[in-house]
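A.B. asks: return atomic coordinates for the entry below.
(one chain, ligands or ions: 1)
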Amino acid sequence: MSNLRRLRYTLSLIAGLLLLTGAPQTHAQQANLKPNVTETKPEALGFSSERLQRLHVAMQQEVDQKHLPGIVTILSRHGKVVEERIYGKKDIASGAPMTRDTIFRIFSMTKPVTGVAMMILYEEGGSFIATWTQGQVTASKVLIATGGLDVEPEIKDARTAVRDGLIRHCPICDAYEATGKRIGLISYGKCRTKEALLLRGYTADLTVLTLGRPAYIPEEEQRVLVDAGINIVLHPISRLARDKNQVAAWYSDEEPPLIFDTIYSALGMNLRSQLAVSVGAKVDEDGALVVDLHQQTSVAGLYAAGDIVRGLSQVSVAAGQAAIAATAINANLPSLRY
Ligand SMILES: Cc1cc2nc3c(=O)[nH]c(=O)nc-3n(C[C@H](O)[C@H](O)[C@H](O)COP(=O)(O)OP(=O)(O)OC[C@H]3O[C@@H](n4cnc5c(N)ncnc54)[C@H](O)[C@@H]3O)c2cc1C
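C.D. replies: Residues are numbered from 1 along each chain as shown. As a prediction, this is how the structure comes out:
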């Protein structure tokens, strides 16, 4: 049964399962008494006798543990009554037993309705509960777009340097702003050769650097870089510092620093995929969520878009992926008929 149909079914079930508890009015009115209902076999109406037995035990416990003085339940479906049960007393002081015609004041029915609806959704595979400091929401489909945080090179006031365009992350986004400038492309040991070749299209003064750890650039890749006119510094850069509107990079204490107008940082991104992983979603070796053509992760009903998915780290890509996911989600929602 689909989530929504199940939810609707549950709500009508709750309407049918009239659970009367709490403070019965002790002067029970005797008006409008109907004859005792005829019970239909639970299985004939889609219920399990065995599971209903658990309900009886739970209700009786409420009374035995003195949480409630007495309870009346009526369970019905399709206009037929499955069962009627009466537990406990309607008046503790006099010891008068609860009767099927005891009249109750009813308060706050939203909680049981919402509570049961949530439990049904939770019971179903592929249902999610998102919790935050001020509340929680349950959904049968989730689109997660928690992005990632670029790893910044260690440089004083890195954020200001990013804002001023001295440190950049996305050549495809903004390399045109650094056209013809002295550019350094810094990574941790492994050169991003494709990124270097892309940047080379914007400047003739490009140097490939490695931060803090030895460079690992296979000879074949080094040849490609050199052939493209790209400089390679194999000594690890030990320190970066802002020098007015430039960045100085030291690879040796004895030598003067290399000076760049812009450093493109290719140090990686810490993806915020933990939430998705916590419900079982698969990630690749970089921690990016693995998705299908509709942006659905390996967990049914959980979709992902943006930087959290392997891709181009661009706003337009994130928005496009979100549109694909939203369309798939919409197509897979049960249709609403009112
Ligand atoms: C300096 C810089 C410049 C860039 N320039 C460009 C550019 O010019 N053009 C371009 O197309 N792209 C650019 N990008 C890339 C672009 O910003 C990203 O690709 C895009 O924002 C990704 O969108 P997203 O929704 O995946 O993630 P984000 O935009 O990072 O949004 C994720 C959101 O989820 C929130 N979040 C994370 N975890 C939780 C949680 N548990 N609960 C609640 N909220 C959570 C985060 O706080 C954040 O607000 C740039 C990126 C940087 C860093």
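A.B. asks: what is the end-to-end distance of stretch 94-112?
C.D. replies: Stretch 94-112 has an end-to-end distance of 30 Å (CA to CA, to the nearest Å).
A.B. asks: and stretch 286-299, by the same measure?
C.D. replies: Per CA to CA, the first residue of stretch 286-299 is 19 Å away from its last.
A.B. asks: who touches it?
C.D. replies: 126, 143-144, 268, 270-271, 273, 276, 279-284, 302-305, 308-311, 321-322, 324-325, 327-328 (CB atoms under 8 Å, 6 or more residues apart in numbering). Heads up, the C-betas are built off the backbone N, CA and C, glycines and all.
A.B. asks: check stretch 145-154 too.
C.D. replies: Contacts for stretch 145-154 (CB under 8 Å, 6+ apart): 158-159, 162, 167, 169, 186, 211, 240, 263, 265, 267-273, 275-276, 304-308, 318, 322.
A.B. asks: hmm, back to that, which among the contacts of stretch 286-299 count as buried?
C.D. replies: Those of the contacts of stretch 286-299 that meet the buried threshold are 143-144, 271, 273, 276, 281, 283, 302-305, 308-310, 321-322, 324-325, 328, by 16 or more other CB atoms under 10 Å.
A.B. asks: and the stretch 151-300 of the chain, which residues reach the ligand?
C.D. replies: 162, 169-170, 173-174, 272, 275 (CB under 6 Å from any ligand atom).
A.B. asks: same question, the stretch 1-150 of the chain
C.D. replies: So far as CB under 6 Å from any ligand atom goes, the stretch 1-150 of the chain lies against the ligand at 145-147, 150.
A.B. asks: now for those, which pair is the farthest apart?
C.D. replies: Farthest apart among those by CB to CB are 145 and 150. That separation is 16.4 Å.
A.B. asks: pLDDT (mean, whole number) over stretch 84-92?
C.D. replies: Here stretch 84-92 scores 93 as its mean pLDDT.
A.B. asks: ditto for stretch 321-334
C.D. replies: On average, stretch 321-334 scores 90.
A.B. asks: what strand or helix carries the residue in the stretch 151-300 of the chain that the ligand sits nearest to?
C.D. replies: Nearest residue of the stretch 151-300 of the chain to the ligand (CB to the nearest ligand atom) works out as residue 173 at 3.3 Å. According to DSSP states H and E, residue 173 maps onto helix 171-174.
A.B. asks: now that helix, how far from the chain's geometric center?
C.D. replies: 29 Å (CA atoms, centre = their mean, to the nearest Å).
A.B. asks: which elements pack onto it?
C.D. replies: Applying 3 or more CB pairs under 8 Å, 6 or more residues apart in numbering; DSSP states H and E, one finds that helix 171-174 contacts helix 193-200.
A.B. asks: could you point out which element follows the helix it packs on?
C.D. replies: Following helix 193-200 in sequence, per DSSP H and E, is strand 206-210.
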